[in-house]
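Q: Kindly generate the corresponding structure for this input.
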Amino acid sequence: MRYFKLTIAYDGTDFHGWQFQTGKPTVQGEIVSVLRRLTQEYVQLLGAGRTDAGVHALGQVGSFRTQSTLSAAEFQRALNALLPPTIRIVEAEEKGPDFSARWSAKGKVYRYRIYRGKVVPPMLWRYVLHYPFPLDEQAMQEAAARFVGVHDFSSFAASSGSEDDDKERNMVREIYSAELKRKDDGEELWFTVHGRSFLRYMVRKMVGTLLEVGRGRLTPDDIDKLYALKDRSKSGPTVPPQGLVMVSVDHDDTFRIPNP
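A: As a prediction, the model looks like this:
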């Protein structure tokens, strides 16, 4: 058996997220379909994380195993030839049996883009949230720094749909860094966050809360209060998906998958 790692970039606009869904186009589904054609095997593809419908990636990571004799370079060329142009295999590598895109992941970087100009250029509208109105960006930067550390992010996550399940979920996450800054050309705000793992809609809820700070409806000090409240109705709204991109995934190559 051979083991492969794929680094994947995609435009999520036309997909119902990363994870396979019956009867709906997904990134995972498209790649698995091609891998099964290439190997004539029932290949399964693990992803480092699940991106929601409309969310993009520059450095999603997938892993699969196969008995195929194709090299990593051949897999990359064949996949890019057969996949839709909205999905690209940036890199393919052969790994050892203990590598897992999911279980070896030790951190992820996400970025959310807010376009501040009056008119969004046509080539950008799929990838940014347009917000041309006044914002206190200094307060937003101060609030963004409050996300760093180990916190209970209950106020910044989507409900599972079950109140009982929500009570049982571990909502504590560690954020290594969080920064809001102007892009060099001055037209965009970029919120970049690096963490061990993330709850569903967590980054989009964090951005919605930062916008509330920028509007003056919340203060940077309210971030700490929201941790204590554990009430998602008190934080900002969940912003639209198109501004969000999975930038990269950190992996621990020394991680060993435990024996069943």
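
Q: What's the mean pLDDT across the helix or strand hosting residue 64?
A: Using DSSP states H and E, residue 64 maps to strand 56-66. Along strand 56-66, the predicted confidence averages to a pLDDT of 97.

Q: likewise stretch 121-141?
A: Here the average pLDDT along stretch 121-141 is 96.

Q: what separates it from the chain centre, distance-wise?
A: The gap between the average C-alpha position of stretch 121-141 and the chain average comes to 19 Å, counting by Cα atoms, centre = their mean, to the nearest Å.

Q: what's the answer for stretch 112-132, then?
A: Relative to the centre of its chain, stretch 112-132 is centred 19 Å away, using Cα atoms, centre = their mean.

Q: Could you do stretch 19-39 as well?
A: Stretch 19-39 sits 19 Å away from the centroid of its parent chain (Cα atoms, centre = their mean).

Q: Tell me which residues are up against it.
A: Identification of contacts with stretch 19-39 by Cβ atoms under 8 Å, 6 or more residues apart in numbering yields 6, 8, 10, 12, 14-18, 42-45, 47, 50-51, 57, 60, 62, 64, 66-68, 70, 75, 78-79, 82-84, 87. For the C-beta atoms, the positions are set from N, CA and C on the backbone; glycine is no exception.

Q: in that stretch, what counts as buried?
A: Residues of stretch 19-39 classed as buried under the neighbour-count rule (16 or more other Cβ atoms under 10 Å) are 20, 26-32, 34-35, 38-39.

Q: First-to-last residue distance for stretch 20-34?
A: Taking Cα to Cα, to the nearest Å, stretch 20-34 runs 14 Å from one end to the other.

Q: Sorry, slip of the keys, the one I care about is stretch 191-207.
A: Criterion Cα to Cα; first-to-last residue distance in stretch 191-207 is 7 Å.

Q: so how many other residues sit close to residue 73?
A: For residue 73, the count of nearby residues is 12 (other Cβ atoms under 10 Å).

Q: For it, which residues are in contact?
A: Applying Cβ under 8 Å, 6+ apart, one finds that residue 73 lies in contact with residue 92.

Q: Tell me what angle the helix or strand residue 113 falls within forms with strand 56-66.
A: Counting by DSSP H and E, the secondary-structure element that holds residue 113 is strand 105-115. Here the directions of strand 105-115 and strand 56-66 differ by 150 degrees (axes from the mean of the first three to the mean of the last three Cα atoms, to 10 degrees).

Q: ranges for the strands of the chain?
A: Under the criterion DSSP state E, the chain carries strands at the ranges 2-10, 46-47, 56-66, 87-95, 105-115, 129-130, 149-152, 172-182, 188-195, 244-251.

Q: can you redo the ones you listed as CSV with distance to residue 229 and mean neighbour count?
A: Output for those, formatted as CSV (distance: least, Cβ to Cβ, whole Å; neighbours: other Cβ atoms under 10 Å):
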stretch, distance to residue 229, mean neighbour count
strand 2-10, 36, 21
strand 46-47, 32, 20
strand 56-66, 31, 23
strand 87-95, 40, 17
strand 105-115, 23, 20
strand 129-130, 25, 20
strand 149-152, 10, 14
strand 172-182, 15, 16
strand 188-195, 21, 21
strand 244-251, 24, 21
